[in-house]
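1. Below: sequence and its predicted model.
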Amino acid sequence: MKIYTFRVIIEPDENKTYHGFVPSLPGLNTWGESIEETKANVQDALKIYLMNMMDDQEPIPEETGYEFLQTITDSEIQAELKNPCAYA
């Protein structure tokens, strides 16, 4: 038995619902009225998505993403405004 693990992102949207998606599986998007409902919908969508990939004999991608939360203070932003620099 192979175990597949994917990074799932759930965000609130402008309709006061939640949008769930899997960055490594293009087109896999779903939504729900709550985070729990969105998680369940992502699980269902994942099963269907992977089943279709297997039926089409497409390789299942490995999750390669990296995710973290970045914190920045308003004083750090103000300091940058006083010393602007170019970003590539």
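-> Okay, I see it.
2. And the contacts of the helix or strand where Leu46 lies?
-> Assigned by DSSP states H and E, Leu46 falls within helix 35-55. The contact list for helix 35-55 (CB atoms under 8 Å, 6 or more residues apart in numbering) reads 4, 6, 8, 10, 17-22, 25, 27-32, 59-60. C-beta: built from backbone N, CA, C; applies to glycine.
3. Average pLDDT for the very next helix or strand once past that helix, rounded please.
-> The helix or strand immediately downstream of helix 35-55 is helix 74-82, counting by DSSP H and E. Averaged across helix 74-82, the pLDDT comes to 85.
4. what's next to helix 74-82, contact-wise?
-> In contact with helix 74-82 (CB under 8 Å, 6+ apart) are no residues whatsoever.
5. how many other residues sit next to Gln57?
-> When counting by other CB atoms under 10 Å, one arrives at 6 neighbours for Gln57.
6. Likewise for Trp31?
-> 17.
7. what comes up buried for the helix or strand it falls within?
-> Trp31 belongs to strand 29-32 when assigned by DSSP H and E. For strand 29-32, a neighbour-count test (16 or more other CB atoms under 10 Å) marks Thr30, Trp31, Gly32 as buried.
8. Format those residues as CSV; extra columns: pLDDT and distance to Phe68.
-> Output for the buried residues of strand 29-32, formatted as CSV (pLDDT from 0 to 100; distance: CB to CB, whole Å):
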residue, pLDDT, distance to Phe68
Thr30, 98, 24
Trp31, 97, 25
Gly32, 98, 25
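9. Can I get the residues you listed in a markdown table including distance to Asp74?
-> Output for the buried residues of strand 29-32, formatted as a markdown table (distance: CB to CB, whole Å):
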| residue | distance to Asp74 |
| --- | --- |
| Thr30 | 35 |
| Trp31 | 32 |
| Gly32 | 33 |
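10. which among the residues you listed gets closest to Tyr66?
-> Nearest to Tyr66 among these: Thr30, at 23.1 Å, using CB to CB.
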